[in-house]
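*Asks:* Whatever this is, show me its structure:
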Amino acid sequence: MDLSRRLQAVTDMVTKGHSVADVGCDHAYISIYLIENKISKKVIAMDVNKGPLEIARKNIEKKEFSQIIRSRLSDGLERLSANEVETIIIAGMGGALTCKILREGIEKLRTIKELVLQPQSEFDLLRKFLEKINFQIIKEKMLIDDEKYYLVIKAKNNNIEDSTKPFLEQSSKINKEVCYLYGKYLLENKDPILQQFLLNQKEANKQIRDKLNESNTENSRKRMIEINKQLVYIEEGLGYYKT
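*Replies:* Next comes the predicted model:
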C-alpha cells in the first residue's frame, strides 16, 4: 500500500516490532501499512465514527489481516486496555483535540513506550502538554505534502524509561517559548522545511501588519500587538539558522 508523504512520515516514526494503537484510524491505511511492511506484529485500529471504521474493517478484510489488525469503535483511548500496546499513533487531528484524547486517557499512557503524533495545528500546545505528562520529544519531522506543511512528533515515556533529561536541557540556548512554537529538535538540526515555513510565516505576518497599519480601531491595535509578538518569535527562530 502506498501512503501519502504525511502518513509515510508517521509510519517511519514507529519503532519496529512495537504493537500499535492507531487512534482515529479513518480507513486504516496506517494500520495496514504497518503490518504489510512488517513494522508491527499487532495493530488496534480505533475510530469514534462508525462510517470510517466500517470502511477500515473492509480494507483490513481485503488484506486478510483481520486476525492481526483489530478494529474498535472508540472515543479516543476509551476502549484501549492498559499494557495492550507499546505505541500510540494519533494523526490528522488538531493539537487541542490530541491533548484532550491523551488527557482523558492518561491512565492508559502509564505503560505506553512512545507516542507518534501528527497534529494539524496548535503545535506549541501539544509540546507543552507532552512536557507536562513527562513524555520527552526525541524526534520531529516537518514536511510538505500537497502544498501544506505538516509536523510529526515522536515522544518517549520518561515515566518508564531510564532518563533524567528534561524537555529542555539546561545547556540549551534556545528560548523556551520558541521551542514550544517551532520545536527544539527541528531548530537544533536546522531543519530546512521549518526554515521555509518560518520565512513564509514572516512574510504573511508582515502583510497582515501592513493592512492593520491602515486601520486605527481597538481590535486592530490588539491584533497588531499579537502580530509583532509573533514576528519576534519568528525572527528568533530564524536566528538559529545563522549560527
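*Asks:* what ranges do the helices span in the chain?
*Replies:* Listed from the start of the chain, the chain has helices (DSSP state H) covering 5-12, 29-36, 50-62, 95-104, 123-132, 176-182, 184-188, 192-212, 218-239.
*Asks:* quick one: average confidence on the last one?
*Replies:* Put plainly, it is helix 218-239. Taken as a whole, helix 218-239 has a mean pLDDT of 95.
*Asks:* same check, this time on the third one
*Replies:* Per-residue pLDDT values over helix 50-62 give a mean of 98.
*Asks:* ok, and for it, which residues are buried?
*Replies:* Buried residues in helix 50-62, defined by neighbour count with 16 or more other CB atoms under 10 Å: 52-53, 55-57, 59-60. In this view, the C-beta of every residue, glycine as well, is placed from N, C-alpha and C.
*Asks:* In JSON lines, list the residues you listed along with distance to Lys128.
*Replies:* Supplementary listing: these in JSON lines, determined by distance: CB to CB, whole Å:
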{"residue": "Pro52", "distance to Lys128": "30"}
{"residue": "Leu53", "distance to Lys128": "31"}
{"residue": "Ile55", "distance to Lys128": "34"}
{"residue": "Ala56", "distance to Lys128": "32"}
{"residue": "Arg57", "distance to Lys128": "36"}
{"residue": "Asn59", "distance to Lys128": "35"}
{"residue": "Ile60", "distance to Lys128": "35"}
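*Asks:* between these, which is nearest Glu235?
*Replies:* Of all the buried residues of helix 50-62, the one with the least separation from Glu235 (CB to CB) is Pro52, at 41.7 Å.
*Asks:* For that closest one, which non-adjacent residue is spatially closest?
*Replies:* Among residues not flanking Pro52 along the chain, Asp26 sits closest, at 5.0 Å (CB to CB, 6 or more residues apart in numbering).
*Asks:* neighbours around that neighbour, how many?
*Replies:* 19 (other CB atoms under 10 Å).
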